[in-house]
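A.B. asks: Build me a model from this:
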Amino acid sequence: MPSSRTRPIKDPVTLTLDGEEVVAERGEPVAAALVAAGKTTIARSPKFHRPRGPACLRGACDGCLARVNETPNVMTCLVPAEQGMSVVSQNRIGPRDADLLRMTDWFFPDGMNHHELFAGIPGIQTIMQGFARRVAGLGKLPLESTPPRKAARRTGDVVIVGAGPSGMAVAARLARAGRAVEVLDDQLEAGGGMTALAKEDARTFESIRGAFDAGVASGSIRLRTRTTAGAVYGRDLLVAGEEGAEIVEARALVLACGGHDGVLPFEGNDVPNVMSARAAGWLLSRGVLVGSRIAVVVPSGGGPFGESFARAARSHAEVTVLHGDPLAIRGSNYAKGVRVRTAKGEREVDADVVLIDAPRSPAFELCQQAGASVVHEPRGFVVKSDDGRITDGVWTTGEVCGVPFDPAAIDAHAALVAKQIAS
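C.D. replies: Take a look at the predicted model:
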């Protein structure tokens, strides 16, 4: 894939991928720097060693897993680029783009159960077990063990999980009401989906963003990025960040976890250079263009990221938007085109990158742990709540509970939730 940036790098740093130098913008996600340099085959599937590349840019897939500074299995989309950083691809024999263990895929085109392969045959079974473990590996252990860090327990006033527009809107309202607000997000920066929109589309969220930024600047909102809310145990929230792990018991917990990129079943959906339209929008907002000939596929119920990306990217690349269901990707090592079923019949287009803007699946997991009930819809499990209330002291808002990704709808639901908490 051709490397491309839409604007010059202002603060360059040099990192290496398998010993090859890559110039990056300081602080940008490592995966973004690799994509900008045309390095889109980063990982390998554990069993058949098929090539994998960044697909979501939010830590929810395994396409960007690599060994970073001798730490294995790092999500490179969640790590900021620094000078001298060493990135090494894992789970391969030979070059990154031509893993010799891919022969497993060729020898077993119809699949295999490695647990039963040569089972019961003396001598050969032991050899095959060792081979299977090697084939299914995900990197070697770190060179040094990580020193233990103390865990902590504390209380808080209002803790909000998710710094997308929904979490921002609730945080700003509660901060104005005099509450002490802490917002957690595992990304490198706040903003969620709004940062994946073209500038003209992102402007519709300006009032939400402005109020939140003002709260952070005044100190009434504490923003903690690169921080993961791992689990809910009753009123306890397990939090893991750069400072270590802690258990936080908040007077009010708001789960604004958003949605996962929709994943559709079609041939080649995990080939490098197939990614979500939201991921491509995030990259473009950071000045990284994913390709030169781009196909955007928007199935029924999808949006708004595909169309928004197309509007922003057309001045830099050839972009084709197709409304319909993706059927197959052409190419096995990387995408070369896509076949789509549209309302007028099947259509195939050439592309070096294929973006899918499927309906997003609510990230319901923490809400369910907190006691929420969920209902299954075609897009996934949607959290059901009483005007945002899950149980005593726990609320939810945003896409996770069915609120449309629309600034007016988001702000209206945030007002409802904030009013309950403030009272």
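A.B. asks: what's the neighbour count on residue 393?
C.D. replies: 15 (other Cβ atoms under 10 Å). Placement of C-beta: from N, CA and C, glycine included.
A.B. asks: I'd say it and residue 235 touch.
C.D. replies: Yes - assessed by Cβ atoms under 8 Å, residue 393 is found in contact with residue 235 at 6.2 Å.
A.B. asks: Give me the common contacts of these two.
C.D. replies: Shared contacts of residue 393 and residue 235, defined by Cβ atoms under 8 Å, 6 or more residues apart in numbering, comprise 250, 253.
A.B. asks: How far away from the center of its chain is stretch 328-342?
C.D. replies: In terms of Cα atoms, centre = their mean, to the nearest Å, the centre of stretch 328-342 is found 22 Å from the chain centre.
A.B. asks: right, I mislabeled it, should have said stretch 144-154
C.D. replies: Put simply, stretch 144-154 sits 26 Å off its chain's centre (Cα atoms, centre = their mean).
A.B. asks: okay, that stretch in PDB with CA atoms only?
C.D. replies: Taking Å, rounded to 0.1, in the frame of the first residue of the first chain, the C-alpha atoms of stretch 144-154 are listed here in PDB:
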ATOM      1  CA  GLU A 144      12.900  -9.300  32.100                       C
ATOM      2  CA  SER A 145      10.000  -9.600  34.500                       C
ATOM      3  CA  THR A 146       8.000  -6.600  35.400                       C
ATOM      4  CA  PRO A 147       8.400  -5.500  39.000                       C
ATOM      5  CA  PRO A 148       5.200  -5.700  41.000                       C
ATOM      6  CA  ARG A 149       3.300  -2.500  41.600                       C
ATOM      7  CA  LYS A 150       1.100  -1.700  44.500                       C
ATOM      8  CA  ALA A 151      -2.600  -1.800  44.000                       C
ATOM      9  CA  ALA A 152      -4.800   0.900  45.600                       C
ATOM     10  CA  ARG A 153      -8.400   1.300  46.800                       C
ATOM     11  CA  ARG A 154     -10.100   4.600  46.900                       C
END
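A.B. asks: neighbours around the nearest residue to residue 82 once chain neighbours are set aside, how many?
C.D. replies: In space, and not counting its chain neighbours, residue 82 is closest to residue 13: 6.1 Å by Cβ to Cβ, 6 or more residues apart in numbering. Residue 13: 19 surrounding residues under other Cβ under 10 Å.
A.B. asks: Residue 13 contacts residue 30, correct?
C.D. replies: No - Residue 13 lies out of contact with residue 30 (Cβ under 8 Å); the separation is 10.4 Å.
A.B. asks: what do those two both touch?
C.D. replies: Common neighbours of residue 13 and residue 30, using Cβ under 8 Å, 6+ apart, are 24, 81, 85.
A.B. asks: can you put those in JSON lines and add secondary structure, pLDDT and neighbour count?
C.D. replies: Rendered in JSON lines, the data for the shared contacts of residue 13 and residue 30 read as follows (DSSP: H, G, I helix; E, B strand; the rest coil; pLDDT from 0 to 100; neighbours: other Cβ atoms under 10 Å):
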{"residue": "24", "secondary structure": "strand", "pLDDT": "97", "neighbour count": "24"}
{"residue": "81", "secondary structure": "coil", "pLDDT": "98", "neighbour count": "25"}
{"residue": "85", "secondary structure": "coil", "pLDDT": "98", "neighbour count": "20"}
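A.B. asks: Kindly indicate which of the residues you listed lies nearest residue 71.
C.D. replies: Of all the shared contacts of residue 13 and residue 30, residue 71 sits closest to residue 85, with 11.0 Å by Cβ to Cβ.
A.B. asks: secondary structure element for the closest residue in space to that closest one that isn't next to it in sequence?
C.D. replies: Nearest residue to residue 85, sequence neighbours excluded (Cβ to Cβ, 6+ apart): residue 15, at 4.0 Å. Using DSSP states H and E, residue 15 sits in strand 12-17.
A.B. asks: Return the set of buried residues in that strand.
C.D. replies: The neighbour-count check on strand 12-17 (16 or more other Cβ atoms under 10 Å) flags 13, 15, 17 as buried.
A.B. asks: And it, how far out from the chain middle?
C.D. replies: Relative to its parent chain, strand 12-17 has a centroid offset of 22 Å by Cα atoms, centre = their mean.
A.B. asks: Help me confirm that residue 115 is found in a strand?
C.D. replies: No - secondary structure of residue 115 (DSSP: H, G, I helix; E, B strand; the rest coil): coil, not part of a strand.
A.B. asks: neighbours around it, how many?
C.D. replies: Neighbours around residue 115, by other Cβ under 10 Å: 8.
A.B. asks: any idea how far it lies from residue 93?
C.D. replies: Distance, residue 115 to residue 93, by Cβ to Cβ, to the nearest Å: 22 Å.
A.B. asks: Please enumerate the helices of the stretch 101-250 of the chain.
C.D. replies: With DSSP state H, counting those that start in this stretch as the criterion, the stretch 101-250 of the chain has helices at 103-107, 124-135, 165-176, 199-202, 206-218.
A.B. asks: The stretch 301-423 of the chain too?
C.D. replies: Going by DSSP H, counting those that start in this stretch, the stretch 301-423 of the chain shows helices at 305-313, 365-369, 407-422.
A.B. asks: if we can go back for a sec, just checking: what are the partner strands of the strand holding residue 15?
C.D. replies: Take DSSP bridges as the rule and strand 12-17 pairs in its sheet with strand 20-25 (antiparallel), strand 86-88 (parallel).
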